[in-house]
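[1] give me a model of this one.
(one chain, ligands or ions: 1)
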Amino acid sequence: METSSGDTKTSDIRAAYKLADLAVGQDRPGGRYPRPVNVLLLGGGGREHAIGWKLAQSHLLTRLISAPGNPGLTQVGETAGFDPTDPSAVIDVASAESVDLVVVGPEAPLAAGVADALGEAAIPVFGPVAAAARLETSKTFAKDVMRRAGVPTGGSETFDAPAPAYAHLADTPGPYVIKADGLAAGKGVLVTSDLDEARAWVDDCFSGRFGPAGNLVVIEEFLDGDEISVFGLCDGTNVIGLRPARDYKRLADDDRGPNTGGMGSFTPVPGFGDDFVADTVEHMIKPVLSTLAEDGIPYVGFIYAGLMLTSQGPKVLEFNCRLGDPETQALLPTMESDLLELILSCVDGSASGVTATWSDQSAVNVVLAAKGYPEASVRGDAISGLDHSDEDSVVFQAGTTTEGSRTITAGGRVLSIVGLGSDLDAARDAAYARAATLDFAGKQYRTDIAT
Ligand code: AMP
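    Numbers count the residues shown, from 1 in each chain. Next up, the predicted model:
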């Protein structure tokens, strides 16, 4: 696959990242990228729309296919309707469509071993193998790696039966933090000061409420403070740190209402600049990558460190093996770097010294959720206002589908409305002004994002 301008770009990229001379890339099949590429992006939420939108701006992209994608992603590339957690389906499409690189958005394909299967099939992938993704898929594994790596995190114990878990709770002063060990779509965590509620959560986990994810229960030390998310792109050893962002988990203003996947986000976070990111990368992310590498587990892909800013300094609450949703939707519109170049440098093992650059804009993402979210989202309502556009906002689609010529709701978090401005106030004004132009029956959103 060549393009007429491929030669010039090839030399630019080679000069920038020394791709022609890589030693590290040699043990990763197909890992040389001095040329434009066909990308298969796995996932179909707001995060993936933002990733696809950003990849589509790259001079290195020839073709973008998203699976399953969403109506927003059809505006920036093609979509293919297959299950992205099915390794053989991913390999079939990647082979048939001459895909040069697979970029994985959500965690489910990684947990299902899609990156492992692609590696075996010599198809380059940005996303960790399942053994590395255990950082997200097993809280016990993550805690063990963090301890061995000397990364600051709260104490924890893991239980495989209720009685010792109850005994541990009885010995612990509250608040209590109880988590299903495995992937539970963000719903397996309870933080409470009520001992009965804590015991009931242990029962819930062991009685199968979260499926096999609850076969082990982790009880953690309660950490107090503000939370912040830091993201990075990893090449196995090196990490390209991204700007921090903050998200809002509760459904309603003033952090009331049930927990959700996230109702909004903003970046930058005042007071948390480049030095904070560099410290997080050096003391929290890189030690984890080295510890995994010592175990023979390469970590190539996005990483997400959820931090609690405690009075004793930042501590890691969790690692995820993907970017955050809704943080990504705010981050990527303010990224000046070419995301695809950053990803390719990681896949080639040459991210040492590579940094991401940012515009001087702030971004605020306001999520519009469906009626009934998060318990029982109503689907099928027509969405109006999508054809409008302006310069200081971007709309990313998530829970949407098409019906004839209409776009309708098809999930809990329907749209991410990202406002851009010279500071957070201006970005927030832009986001809410745009949000007012979009409508569907029963839309829910917070009015206090980034206030
Ligand atoms: P997790 O999925 O492990 O990040 O937990 C979800 C949310 O629960 C976090 O974003 C925190 O708000 C809260 N949380 C998790 N672990 C702790 C902890 N050890 N102490 C206090 N809050 C926690």
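[2] now the strands: where do they sit in the stretch 151-300 of the chain?
    In the stretch 151-300 of the chain, the strands defined using DSSP state E, counting those that start in this stretch lie at 156-159, 176-180, 189-192, 217-220, 226-235, 239-241, 246-252, 256-267, 300-310.
[3] could these go into CSV alongside mean neighbour count, mean pLDDT and distance to residue 289?
    Using the backbone N, CA and C atoms, a C-beta is placed for each residue, glycine as well. Below are the strands of the stretch 151-300 of the chain laid out as CSV (neighbours: other Cβ atoms under 10 Å; pLDDT from 0 to 100; distance: least, Cβ to Cβ, whole Å):
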stretch, mean neighbour count, mean pLDDT, distance to residue 289
strand 156-159, 18, 96, 21
strand 176-180, 24, 95, 23
strand 189-192, 17, 92, 25
strand 217-220, 23, 96, 22
strand 226-235, 22, 95, 6
strand 239-241, 24, 98, 7
strand 246-252, 19, 95, 24
strand 256-267, 22, 94, 24
strand 300-310, 22, 97, 8
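[4] just put these in JSON lines and tack on distance to residue 346.
    As requested, these are exported to JSON lines (distance: least, Cβ to Cβ, whole Å):
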{"stretch": "strand 156-159", "distance to residue 346": "30"}
{"stretch": "strand 176-180", "distance to residue 346": "29"}
{"stretch": "strand 189-192", "distance to residue 346": "30"}
{"stretch": "strand 217-220", "distance to residue 346": "30"}
{"stretch": "strand 226-235", "distance to residue 346": "4"}
{"stretch": "strand 239-241", "distance to residue 346": "7"}
{"stretch": "strand 246-252", "distance to residue 346": "24"}
{"stretch": "strand 256-267", "distance to residue 346": "21"}
{"stretch": "strand 300-310", "distance to residue 346": "6"}
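[5] quick one, phi/psi of residue 319?
    phi -110, psi 140 (degrees, to the nearest 10).
[6] near the ligand, which residues of the stretch 151-300 of the chain?
    For the stretch 151-300 of the chain, the residues in contact with the ligand (Cβ under 6 Å from any ligand atom) are 154, 177, 179, 186, 189, 191, 220, 221, 222, 223, 227.
[7] quick one: the helices in the stretch 51-200 of the chain?
    Along the stretch 51-200 of the chain, the segments classed as helices by DSSP state H, counting those that start in this stretch run 87-96, 108-111, 114-120, 130-137, 139-149, 162-171, 195-206.
[8] as a markdown table, the ones you listed with mean neighbour count and mean pLDDT would be great.
    Listed next are these as a markdown table, based on neighbours: other Cβ atoms under 10 Å; pLDDT from 0 to 100:
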| stretch | mean neighbour count | mean pLDDT |
| --- | --- | --- |
| helix 87-96 | 16 | 96 |
| helix 108-111 | 24 | 97 |
| helix 114-120 | 22 | 96 |
| helix 130-137 | 23 | 96 |
| helix 139-149 | 20 | 97 |
| helix 162-171 | 14 | 95 |
| helix 195-206 | 18 | 95 |
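[9] would you list those helices in TSV and tack on distance to residue 261?
    Listed next are the helices of the stretch 51-200 of the chain as TSV, based on distance: least, Cβ to Cβ, whole Å:
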stretch	distance to residue 261
helix 87-96	24
helix 108-111	14
helix 114-120	21
helix 130-137	15
helix 139-149	18
helix 162-171	27
helix 195-206	20
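[10] circling back to that earlier point, for the strands of the stretch 151-300 of the chain, which one sits closest to residue 388?
    Among the strands of the stretch 151-300 of the chain, the nearest to residue 388 by Cβ to Cβ is strand 256-267 (20.4 Å).
[11] for that closest one, packing partners?
    Applying 3 or more Cβ pairs under 8 Å, 6 or more residues apart in numbering; DSSP states H and E, we find strand 256-267 packed against strand 246-252, helix 327-331, strand 362-369, strand 413-421, helix 424-435.
[12] return the most buried member of those.
    helix 327-331 (a mean of 31; mean count of other Cβ atoms under 10 Å).
[13] pretty sure residue 342 is in a strand, no?
    No. Residue 342 is assigned helix when assessed by DSSP: H, G, I helix; E, B strand; the rest coil, not a strand.
[14] in this structure it contacts residue 350, no?
    No. In this structure, residue 342 is not within contact of residue 350 by Cβ atoms under 8 Å, at 10.9 Å.
[15] spit out the contact partners of residue 316.
    Applying Cβ atoms under 8 Å, 6 or more residues apart in numbering to residue 316 gives the contacts 146, 151, 152, 153, 284, 305, 306, 307, 308.
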